[in-house]
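Q: Okay, sequence plus prediction incoming.
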Amino acid sequence: MPVYDQGYRPYEGALRTRFLRWWPITRRCLFTVRKKPLAAVLIAGGILLLYEVILVYATGVTERGFSRIVNPWGYGDGIFYDLLTRETYFVVLLLMVSGAGQIAEDVRTGALQIYFSKPITHADYVLGKLGAVVLSGCLLTLLPGALLFLACAAFSPDWSFLTGNPWLPLRILAFSLLISIVLGSLVLAVSSLGRKGRVAAIVFGGAYFFSMVLGEVLPRILADSRYEIVHLGRCLGAAGSTIFTQGDFPAGSPALAWGILASLSLVSVLLLARKVKAVEVVR
Amino acid sequence: MSSPRPPVIRAERLSRWYGDVIGLNDVTAVVSEGITGLVGPNGAGKSTFLRIVSGELHPSGGSVTVLGEVPFANPRLHRRMGYCPEGDRFFDDLRAEDFVRHLLRLSGWPRPEARRRAREALAEVGMDHARDTRLRACSKGMRQRIKIAQALAADPEILLLDEPLTGLDPVARHETIELLRRRAERGISILVSSHVLHEVESLTTRILLINRGRIAATGEMEEIRDLIDRHPRRIRLEGPEPRRLASLLVDREDVRSLGFSDGALLVETTDPEAFYGDLPGLLVRHGIPLTGLSSPDDRLQAVFDYLVNG
């Protein structure tokens, strides 16, 4: 009897329809980040920045008496806003190291073929990658922010810090996610354009630092300080200022910043949707 | 009375372009249950066909169904499918077991079950000793078997294997062929691509010949061979006396033409079986030494040339 007449073997597995189908991809990507020594150095550097910020604030208050040293937190959430905006540079560097190759390397090695032969959708794949870069970004934003919050709570002589800042954890979370999602989706979009992680890293880092230069030069040439939000870091800062009610931006800048960041993220996502294919174009 | 099963794969006027390049051109084919060999020379369109069937690529034209469903972006179908792509440079920082387990987790298997299945699949392909070896440290043959393990691990109903025997040593090749046969006996349908005809012959008698993006022939190997045998075969004879040898062969009925190339005699025969049978006696009787005998037409490309250009 021909073997093919025996019919299909019944499917016996206890498979689950996973709600978080993208999570194994995120885990796998975080595993590769963990293996990069430079990423570890950057994360350590970003966390060390936390102590610098504390030191600056503590030093700043010594002149006002000992009681202010043990309670430098009278500054409110400004210290958190400062910390997170300064961490943005570390996030950019970390994403250059750990995020730029996420899709490019999968395209180059053919891993996309394997991924898309499994029961996941393209959206699951992109979400998995985005999850990895956002969590990487949060290591340098949410983690230091949370540590600073805990330090403030621990060193506060009474409950006033906690009672006076009930929304602070959510603000830290929101700003951390904003930074991580915007920069994360951008680095993935750049990564999806090519087949080499290093090239994607250079393009992503170059674009960020070029925007920084433009943000310095344009306001002076055009004599209008509103142009400083072409600097992606300042743009994030302006948007974050509405979360923390901090910062010193010209009128209208925060709203414009939100518009720019939303557009940038949307373009990145659309680019990802278009480019993430396991296709090799043969010429 | 139960309704008849749908064919495993049904392609209707399937085409795929890569920019200006045609990868697959108006292919209509039906693949039924069992093992089917997808045979063709390099660049014929085998991988494109498999990529479309696996749902990785969307066809530019026509339609395809696998197990009755459209494969593109269809996770429900992918649960029932195992795919072993040709490339093997991915996930090279992962250990073999972690690689298979990672892909099982993507398919929705719970963690302990994924671990158990990964180990079983690696053992089945003879790679249990290498489950802690990183893929970058594995040889080509080891990676091939690990790739097959990941395709088998989720108990698929259909297996798509793109050049799975490439890079395997003879023993591993034999073991892999036996493994695939065992799986087929358990009812799995297998579509296996190769550019080496005898590799596919050792697996199945049913083949799908593809060349330049088109299906050149489908059917049982014997039918294809008969088709090939109806065409003249070229044979190259090397020796010190090619002209004398030519004079002895010129009157044979099956010899259609004779020619010389680089000191060798090129014979075109319509009955290669009879020619090969008579040649040793002829050489012995006339004392003609022979230093080389080959047939350029044994290459698969020549088979396709016959079938396509007829």
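A: That came in fine, so what should we check first? Quick caveat: nothing in here was measured; it's all calculated off a predicted structure.

Q: and the closest residue in space to A:T32 that isn't next to it in sequence, what does it touch?
A: Among residues not flanking A:T32 along the chain, B:D93 sits closest, at 6.5 Å (C-beta to C-beta, 6 or more residues apart in numbering or on different chains). (C-beta placed from N, C-alpha, C; glycine too.) By C-beta atoms under 8 Å, 6 or more residues apart in numbering or on different chains, B:D93 lies in contact with A:32, A:35, B:134-136.

Q: 7 Å - rerun?
A: Counting by C-beta atoms under 7 Å, 6 or more residues apart in numbering or on different chains, B:D93 makes contact with A:32, A:35, B:134, B:136.

Q: and A:F161, how far is that from A:D77?
A: 11 Å (C-beta to C-beta, to the nearest Å).

Q: Spell out for me which residue occupies the centre of chain B.
A: B:S194 (2.1 Å; C-alpha atoms, centre = their mean).

Q: With chain A instead?
A: What sits nearest the mean C-alpha location of chain A, by C-alpha atoms, centre = their mean, is A:S180, with 1.7 Å.

Q: correct me, but it touches A:L139?
A: No - applying C-beta atoms under 7 Å as the test, A:S180 and A:L139 come out as separate, 9.1 Å apart.

Q: just checking, next helix/strand downstream of the helix or strand of chain A with the lowest mean pLDDT?
A: Using mean pLDDT, DSSP states H and E, the weakest-scoring helix or strand in chain A turns out to be helix A:66-70, at a mean of 42. Note on helix A:66-70: by DSSP states H and E, the next helix or strand toward the C-terminus is helix A:78-98.

Q: Backbone dihedrals for the closest residue to A:P119 other than its chain neighbours, please?
A: Nearest residue to A:P119, sequence neighbours excluded (C-beta to C-beta, 6+ apart): B:P75, at 3.7 Å. According to degrees, to the nearest 10, the main-chain angles of B:P75 amount to phi -60, psi -30.

Q: contacting residues for B:P75?
A: Counting by C-beta under 7 Å, 6+ apart, B:P75 makes contact with A:119-121.

Q: coming back round to it: for the closest residue to the residue nearest to the centre of chain B other than its chain neighbours, give me the pLDDT.
A: In space, and not counting its chain neighbours, B:S194 is closest to B:V200: 5.0 Å by C-beta to C-beta, 6+ apart. pLDDT, B:V200: 82.

Q: what secondary structure does the nearest residue to B:R244 once chain neighbours are set aside sit in?
A: Once flanking residues are discounted, B:R244 sits nearest to B:I288: 6.3 Å by C-beta to C-beta, 6+ apart. Following DSSP: H, G, I helix; E, B strand; the rest coil, the label given to B:I288 is coil.

Q: For B:I288, give me the backbone phi and psi.
A: As for B:I288, its main-chain torsions (degrees, to the nearest 10) stand at phi -100, psi 120.

Q: Quick one: neighbours of it, just the number.
A: 16 (other C-beta atoms under 10 Å in any protein chain shown).

Q: does B:A184 belong to a helix or a strand, and which?
A: Using DSSP H and E, B:A184 falls within helix B:170-185.

Q: Who are the packing partners of that helix?
A: helix B:140-152, strand B:189-194 (3 or more C-beta pairs under 7 Å, 6 or more residues apart in numbering or on different chains; DSSP states H and E).

Q: partner strands of the shortest one, parallel or antiparallel?
A: Spelled out, that is strand B:189-194. Strand B:189-194 has its sheet partners listed here by DSSP bridges as strand B:35-39 (parallel), strand B:158-162 (parallel).

Q: what element comes up after it heading to the C-terminus?
A: helix B:197-201.

Q: Next, the buried residues of that next one.
A: Using 16 or more other C-beta atoms under 10 Å in any protein chain shown as the test for burial, helix B:197-201 gives B:197, B:199-200.

Q: Report the secondary structure state of the closest residue to chain A within the stretch 151-300 of chain B.
A: Relative to chain A, the nearest point of the stretch 151-300 of chain B is B:G187 (4.2 Å; C-beta to the nearest C-beta). The three-state label given to B:G187 by three-state DSSP is coil.

Q: That one: neighbour count?
A: Neighbour tally, B:G187, other C-beta under 10 Å: 17.

Q: just A:F244 next, same as before
A: A:F244 has 23 nearby residues by other C-beta under 10 Å.

Q: The one 5 residues further on too?
A: Taking other C-beta under 10 Å as the criterion, the count of residues near A:F249 is 20.

Q: can you check A:L222 too?
A: Count around A:L222 with other C-beta under 10 Å applied: 10.

Q: For chain B, see how far away it is.
A: According to C-beta to the nearest C-beta, to the nearest Å, A:L222 stands 43 Å off from chain B.

Q: And A:A257, by the same measure?
A: Distance, A:A257 to chain B, using C-beta to the nearest C-beta: 36 Å.

Q: just A:M212 next, same as before
A: Taking C-beta to the nearest C-beta, one finds A:M212 at 33 Å from chain B.

Q: Relative to the whole chain's centre, how far out is the helix or strand where that residue lies?
A: Assigned by DSSP H and E, A:M212 belongs to helix A:197-222. Here helix A:197-222 is found 17 Å from its chain centre; the criterion is C-alpha atoms, centre = their mean, to the nearest Å.

Q: so the helix or strand harbouring A:F175 versus helix A:78-98, what angle?
A: Taking DSSP H and E as the definition, A:F175 sits inside helix A:168-192. On the basis of axes from the mean of the first three to the mean of the last three C-alpha atoms, to 10 degrees, helix A:168-192 is oriented at 20 degrees to helix A:78-98.

Q: what helices or strands is helix A:168-192 leaning on?
A: Helix A:168-192 packs on helix A:78-98, helix A:102-109, helix A:122-139, helix A:142-155, helix A:197-222, helix A:232-244, helix A:253-275, going by 3+ C-beta pairs under 7 Å, 6+ apart.

Q: could you give me the average pLDDT of that helix?
A: pLDDT averaged over helix A:168-192 gives 95.

Q: try stretch B:265-272
A: 87.

Q: returning to what we had before: could you dump the helices and strands packed on helix A:168-192 into JSON lines and include distance to B:P280 and mean pLDDT?
A: Shown next, in JSON lines, are the helices and strands packed on helix A:168-192 (distance: least, C-beta to C-beta, whole Å; pLDDT from 0 to 100):
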{"stretch": "helix A:78-98", "distance to B:P280": "68", "mean pLDDT": "90"}
{"stretch": "helix A:102-109", "distance to B:P280": "52", "mean pLDDT": "90"}
{"stretch": "helix A:122-139", "distance to B:P280": "61", "mean pLDDT": "93"}
{"stretch": "helix A:142-155", "distance to B:P280": "81", "mean pLDDT": "86"}
{"stretch": "helix A:197-222", "distance to B:P280": "61", "mean pLDDT": "93"}
{"stretch": "helix A:232-244", "distance to B:P280": "80", "mean pLDDT": "91"}
{"stretch": "helix A:253-275", "distance to B:P280": "62", "mean pLDDT": "92"}
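
Q: Tabulate the ones you listed (JSON lines), appending distance to A:V53.
A: As requested, the helices and strands packed on helix A:168-192 are exported to JSON lines (distance: least, C-beta to C-beta, whole Å):
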{"stretch": "helix A:78-98", "distance to A:V53": "5"}
{"stretch": "helix A:102-109", "distance to A:V53": "30"}
{"stretch": "helix A:122-139", "distance to A:V53": "17"}
{"stretch": "helix A:142-155", "distance to A:V53": "7"}
{"stretch": "helix A:197-222", "distance to A:V53": "21"}
{"stretch": "helix A:232-244", "distance to A:V53": "14"}
{"stretch": "helix A:253-275", "distance to A:V53": "23"}
